[in-house]
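>>> Provided below for reference: sequence and predicted model.
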Amino acid sequence: MTEPKKRVTRRKKIETEFEQERVELENEGVGDVSAHEVLIKNGGVRDIKKADTVKIVQGGANAIDAKNVSIVQGGVVQAHAESLVVKQGGIVRAQAEDVSVTQGGVMLLQAENATLTSGGAVAMLADNIAVESGGAQYMLARNSIHVEQGGAIIVAAPRVEIVNGGAVLLLAREVHGDVRVMFDRRGALVFGIAAGIIIGLLALGKRR
């Protein structure tokens, strides 16, 4: 008679939301991190794959995926969060519900609510944008843009308010404040036609 096979009970792995409760780094660097709370001072990590709270002071990271991120005098390549606060730091790409950048810079900022104070950006894409003593090359908003002492090359939103600032090209249904604009919609059309003619003539001259 063949003996019946014994059933082997396997213990199920209990998956926790974070690999560690708390990670604190000072003057050192590590690889990937997943923790409820991550604190970095004068150090760096490769990727913070998942975290609830991340605070970086004079440090950096390649990528961050967390709920709340605070960066002071640090740098990050890309950050995805619910709330992102940057002071005297820089980010290449920032994506969050609420973003606040003070005395810092960002290349691409995507958010629901974006605030830029005494800083700069290449492109800001958000529902609502507020800028004070700062600027960007492109400001595009679904709802509104408010600028005080700043501006952009292109400003586009349904509602725009600019005080002591300006734009090269302004596209809006409703405009408030003392706005200095080089081109409005009509001017942009004329400029585009003229630029097209000039580019065409230059191309024709090169062929000859």
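Nice, thanks for sending it over.
>>> all contacts plus neighbour counts: C-alpha atoms, from now on.
Fine.
>>> from residue 24, how far out is the closest residue to residue 20 other than its chain neighbours?
Of all residues not flanking residue 20 in the chain, residue 35 sits nearest, at 4.5 Å (CA to CA, 6 or more residues apart in numbering). Distance from residue 35 to residue 24, counting by CA to CA, to the nearest Å: 10 Å.
>>> do residue 84 as well
For residue 84, the distance to residue 24 (CA to CA) stands at 19 Å.
>>> and if you look at residue 142?
Computed as CA to CA, the residue 142 to residue 24 distance reads 39 Å.
>>> what values do phi and psi take at the residue nearest to residue 20?
phi -160, psi 160 (degrees, to the nearest 10).
>>> burial count for it?
A count of nearby residues for residue 35, using other CA atoms under 10 Å, gives 22.
>>> could you give the bridge partners of it?
Note on residue 35: beta-bridge partners by DSSP bridges are residue 20, residue 51.
>>> quick check, it in contact with residue 64.
No - using CA atoms under 8 Å, residue 35 is not in contact with residue 64, being 11.6 Å away.
>>> and for the two, which residues touch both?
Shared contacts of residue 35 and residue 64 (CA atoms under 8 Å, 6 or more residues apart in numbering): residue 50.
>>> just the CA coordinates for the helix or strand encompassing residue 83, please, in PDB.
According to DSSP states H and E, residue 83 maps onto strand 75-87. Taking Å, rounded to 0.1, in the frame of the first residue of the first chain, the C-alpha atoms of strand 75-87 are listed here in PDB:
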ATOM      1  CA  GLY A  75      17.900  67.800  -4.200                       C
ATOM      2  CA  VAL A  76      15.600  65.100  -5.700                       C
ATOM      3  CA  VAL A  77      15.300  63.900  -9.300                       C
ATOM      4  CA  GLN A  78      11.600  63.000  -9.000                       C
ATOM      5  CA  ALA A  79       9.000  63.000  -6.300                       C
ATOM      6  CA  HIS A  80       5.400  61.800  -6.200                       C
ATOM      7  CA  ALA A  81       3.500  62.800  -3.100                       C
ATOM      8  CA  GLU A  82       0.200  64.100  -1.700                       C
ATOM      9  CA  SER A  83       2.000  67.100   0.000                       C
ATOM     10  CA  LEU A  84       5.400  68.300  -1.100                       C
ATOM     11  CA  VAL A  85       7.300  71.200   0.500                       C
ATOM     12  CA  VAL A  86      10.700  72.400  -0.900                       C
ATOM     13  CA  LYS A  87      12.800  75.100   0.800                       C
END
